[in-house]
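A.B. asks: this one's structure only:
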């Protein structure tokens, strides 16, 4: 939406990943505020990271649909092991990322993000701005735009509209809002509420 309004054409997307989040996506136990972390999050578990990387790979695939280079920033925490970080990097590169680098800025300040900065700079230099593209034509109907996002980004096989949604879409279209871009709220469960 910002690119449509501003005319900016990005060359790179940075996706931030953590080993802990990928372990959660890989089927790790729930994490609750105020409760101690389960041992799966404090001990090396490359298998859990690898399984959870499927979520990251889908994000990489989605970002590449816009014609930009993708850099994955692996935010390092003190419990992350070299093997787990390498598993994230390997999955990212296999999924088509331009680069995947560890970022340790929480412990090292700006120096800990220097590799990330160099990767983003290289990704931008190697990108062709003319490759940037939008996911849908803004002049499509509201339903067609929603369906395009649902299929291309979330992997849906279609969209079912409740009667209230159909009524609201008709009202928005009649009011002249039919040619505006669509924004769909996303949660960490948007691809699936089932980590398996």
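C.D. replies: Received the coordinates, thanks. What you see is a predicted model, and the numbers here were worked out from it, not measured in a lab.
A.B. asks: in this protein, which residue is closest to the centre?
C.D. replies: The chain has residue 59 as the residue nearest its centroid, 3.7 Å off, counting by Cα atoms, centre = their mean.
A.B. asks: what helix or strand does that one sit in?
C.D. replies: Following DSSP states H and E, one finds residue 59 within helix 46-64.
A.B. asks: Which parts of the protein are strands?
C.D. replies: Taking DSSP state E, the strands of the chain run over residues 12-18, 69-75, 99-103.
A.B. asks: picking that back up, now for the helix holding residue 59, which elements pack on it?
C.D. replies: With contacts taken as 3 or more Cβ pairs under 8 Å, 6 or more residues apart in numbering; DSSP states H and E, helix 46-64 sits against strand 12-18, helix 19-25, strand 69-75, helix 82-94. To be clear about C-beta, it is placed using only N, CA and C from the backbone, and glycine gets the same treatment.
A.B. asks: neighbouring contacts of the second one?
C.D. replies: Okay, so that is helix 19-25. By Cβ atoms under 8 Å, 6 or more residues apart in numbering, the surrounding residues in contact with helix 19-25 are 30-31, 37, 40-41, 45, 48-49, 51-56, 74, 76-77, 79-80, 84-85, 88, 188, 195.
A.B. asks: Any idea which of the helices and strands packed on helix 46-64 gets closest to residue 140?
C.D. replies: Among the helices and strands packed on helix 46-64, the nearest to residue 140 by Cβ to Cβ is strand 12-18 (23.3 Å).
A.B. asks: so how far is that closest one from its chain's centroid?
C.D. replies: 7 Å (Cα atoms, centre = their mean, to the nearest Å).
A.B. asks: how about it: buried residues?
C.D. replies: Using 16 or more other Cβ atoms under 10 Å as the test for burial, strand 12-18 gives 12-15, 17.
A.B. asks: Might you report the residue contacts of the residue nearest to the centre of the chain?
C.D. replies: Taking Cβ under 8 Å, 6+ apart, one finds residue 15 in contact with residue 59.
A.B. asks: Just give me the closest of the buried residues of strand 12-18 to residue 115.
C.D. replies: Nearest member of the buried residues of strand 12-18 to residue 115, counting by Cβ to Cβ, is residue 14, at 12.5 Å.
A.B. asks: I'd say the closest one and residue 71 touch.
C.D. replies: Yes. Between residue 14 and residue 71 there is a contact under Cβ atoms under 8 Å: 5.1 Å.
A.B. asks: Need the residues touching each of those two.
C.D. replies: The contact sets of residue 14 and residue 71 overlap at 116, 120 (Cβ under 8 Å, 6+ apart).
A.B. asks: Can you get me a residue count around the residue lying closest to residue 158 once chain neighbours are set aside?
C.D. replies: Sequence neighbours aside, residue 147 is the residue nearest to residue 158 in space, at 7.0 Å (criterion: Cβ to Cβ, 6 or more residues apart in numbering). Residue 147 sits with 17 neighbouring residues when counted by other Cβ atoms under 10 Å.
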